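Engineer: Test case, fold it:
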Amino acid sequence: MPRFSALTWRILGFNALALIVLTGGVILVRYQGRVIAFNLACPHENTALRWKQGNAKFECSKHNSRYTPDGKFIDGRATRNMDRLPITRDGANIVVDLSRMIKSDEKSAEWAASVVAV
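Structural biologist: Numbers count the residues shown, from 1 in each chain. Sure thing, here's the model as predicted:
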């Protein structure tokens, strides 16, 4: 992860299945009226995840784990959803807290709540 404590993005009008922004080890996804921040690494063995536009899924090239645009595990060797980062909205900005990750198998309610409406 980068040495910043938080990253801030300006919300832009965008209509598509998913808007994916990769920066500083963070995947920022705008999907179905929500913004979610993920760790770039697959939770299985920390390999960088890739967005596959053709099938609208994240995939790990190392062991073929696949995830929905909102980070839910579909199949492969991983055993949990993509790790999320705490996210808040400050006016027209999205702020991502880089100081910790939220793992779905350890804090499922916090993981589910780590989204902001846009």
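Engineer: Just confirm residue 112 is within a strand.
Structural biologist: No: applying DSSP: H, G, I helix; E, B strand; the rest coil, one finds residue 112 to be helix, outside a strand.
Engineer: Find the nearest non-adjacent residue to it, please.
Structural biologist: residue 104 (8.0 Å; C-beta to C-beta, 6 or more residues apart in numbering). Quick note: C-beta positions are derived from backbone N, CA and C, even for glycine.
Engineer: Residue 71 too?
Structural biologist: Residue 71's closest residue in space is residue 82 (C-beta to C-beta, 6+ apart), at 3.7 Å.
Engineer: May I have the residues that are in contact with that neighbour?
Structural biologist: 27, 38, 39, 42, 43, 49, 58, 67, 71, 72, 73 (C-beta atoms under 8 Å, 6 or more residues apart in numbering).
Engineer: Just among those residues, which is most surrounded?
Structural biologist: residue 38 (28 neighbours; other C-beta atoms under 10 Å).
Engineer: which secondary structure elements does the strand or helix carrying that one contact?
Structural biologist: In this structure, residue 38 sits in strand 34-39 according to DSSP states H and E. On a contact count with 3 or more C-beta pairs under 8 Å, 6 or more residues apart in numbering; DSSP states H and E, strand 34-39 meets strand 26-31, strand 87-90, strand 93-97, strand 116-117.
Engineer: Now do the same contact list for the residue positioned nearest the centre of the chain.
Structural biologist: Closest to where the C-alpha atoms of the chain average out (C-alpha atoms, centre = their mean) is residue 38, at 2.5 Å. Each residue near residue 38 by C-beta under 8 Å, 6+ apart is listed here: 26, 27, 28, 29, 49, 71, 82, 83, 84, 85.
Engineer: so what's the spatially closest residue to it that is not a sequence neighbour bridging to?
Structural biologist: Distances taken as C-beta to C-beta, 6+ apart put residue 27 closest to residue 38, at 4.3 Å, once the chain neighbours are dropped. Applying DSSP bridges to residue 27 gives these bridge partners: residue 22, residue 38.
Engineer: Would you confirm that residue 27 contacts residue 39?
Structural biologist: Yes: between residue 27 and residue 39 there is a contact under C-beta atoms under 8 Å: 7.5 Å.
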